[in-house]
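Peer 1: this is a predicted model, with the sequence first.
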Amino acid sequence: AAELFANGSLTGRHVLITAGPTAEAIDPVRYITNHSSGKMGFALAEAAIEAGARVTLIAGPVHLPTPDRVQRINVTSARDMLAACEKAMPADVLIAAAAVADYRPEVIADHKLKKDPASEDGLLLRLVRNPDILATLAARDDRPFCVGFAAETQNLLEYATRKLNDKNLDLIVANDVANPAIGFNSDDNAFTVIDRARGEHRFAQTSKAKIARQLVALIARRLQPQE
Ligand code: CTP
Ligand code: CA
């Protein structure tokens, strides 16, 4: 796939990528989050740069170096991530690789929550739904070409297809997160891409850097109207 990049298959395109987890504060010292190393999203940012794109990377809290020439914006919560994406629009392509927290605490306590020394009671946290960043951007009039990731532990292709349709996406990457070989902190990945227009595409296990280039090449081909 390397030759697909040298020729600038994404030259002049703006690619917006979300990566990493989001963290939703409970109080000043506690939060709720998801497993996500951010490695896949950062590898995609690098691959899109290699393909000649201008890249905006909206990153949740991860400790990864910023790839050369990528414009990185750090965020914490899902709502911050959505606001940063909206500010970065318009884009030609959105790749939503972030593991966004689906819920956040209804209220963020101003001060650290203290245990009641007189009781052994548990704590009940009320959570409310976060906005769906990908679905929100896919519903805009100036919607980009939309690529989602479906992280599933069962019924992979069924759930992924449902997300492709429900969120009005162009492609979805169906990722089996129950497979330890390609798990959350792994340097490798393998997945099936479901393309709304062209059916399924299997990507064999390889490094995240390589699979990112293959996925970016597929996206670049899909942006060509003549193909
Ligand atoms: N996503 C998003 N904003 C959210 C939730 C998800 O942008 N609030 C994006 C993810 O980045 C991913 C896709 O939507 O590209 C699917 O995320 P996933 O968590 O697999 O699906 P959900 O729609 O949240 O459904 P569920 O977690 O219930 O399986
Ligand atoms: Ca989710």
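Peer 2: Perfect, I can see it now. Ligands and ions are numbered 1, 2, ... in the order given.
Peer 1: and residue 71, what does it touch?
Peer 2: Residues counted as contacts of residue 71 (C-beta atoms under 8 Å, 6 or more residues apart in numbering) are 54, 55, 56, 57. Every C-beta, even on glycine, is put in place using the N, C-alpha and C of the backbone.
Peer 1: which one of these has the most neighbours?
Peer 2: Highest neighbour count within these: residue 57, with 29 neighbours (other C-beta atoms under 10 Å).
Peer 1: what's the burial count for residue 33?
Peer 2: Neighbour count of residue 33, defined by other C-beta under 10 Å: 15.
Peer 1: that one and residue 212, how far apart?
Peer 2: Counting by C-beta to C-beta, to the nearest Å, the gap from residue 33 to residue 212 is 23 Å.
Peer 1: could you do residue 67 as well?
Peer 2: 11 Å.
Peer 1: ok, residue 94 - contacts?
Peer 2: Taking C-beta under 8 Å, 6+ apart, we find residue 94 in contact with 15, 16, 17, 18, 85, 134, 137, 138, 144, 145, 146, 147.
Peer 1: output those residues as TSV; include the columns secondary structure and pLDDT.
Peer 2: Formatted as TSV, the contacts of residue 94 follow (DSSP: H, G, I helix; E, B strand; the rest coil; pLDDT from 0 to 100):
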residue	secondary structure	pLDDT
15	strand	98
16	strand	98
17	strand	99
18	strand	98
85	helix	98
134	helix	98
137	helix	98
138	helix	98
144	coil	98
145	strand	98
146	strand	98
147	strand	98
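Peer 1: for these, which one is nearest residue 216?
Peer 2: Of all these, residue 216 sits closest to residue 15, with 8.3 Å by C-beta to C-beta.
Peer 1: what's the burial count for that closest one?
Peer 2: 29.
Peer 1: correct me if wrong: it contacts residue 54.
Peer 2: Yes. In this structure residue 15 lies within contact range of residue 54 using C-beta atoms under 8 Å: 7.1 Å.
Peer 1: sorry, back to before: which residues do residue 67 and residue 212 both contact?
Peer 2: Contacts common to residue 67 and residue 212, judged by C-beta under 8 Å, 6+ apart, are residue 46.
Peer 1: which one's more surrounded, these two?
Peer 2: Higher neighbour count among residue 67 and residue 212: residue 212, with 25 against 18, using other C-beta under 10 Å.
Peer 1: ok, and the closest non-adjacent residue to residue 44?
Peer 2: Of all residues not flanking residue 44 in the chain, residue 212 sits nearest, at 4.6 Å (C-beta to C-beta, 6 or more residues apart in numbering).
Peer 1: am I right that the one you found is in a helix?
Peer 2: Yes. Remark: residue 212 belongs to a helix, assigned using DSSP: H, G, I helix; E, B strand; the rest coil.
Peer 1: roughly how far does it sit from ligand 1?
Peer 2: With distances taken as C-beta to the nearest ligand atom, to the nearest Å, residue 212 is found 15 Å from ligand 1.
Peer 1: ok, residue 154 to ligand 1 distance?
Peer 2: With C-beta to the nearest ligand atom as the criterion, residue 154 and ligand 1 are 11 Å apart.
Peer 1: surely that residue is in contact with residue 178?
Peer 2: Yes. Using C-beta under 8 Å, residue 154 is in contact with residue 178, at 7.3 Å.
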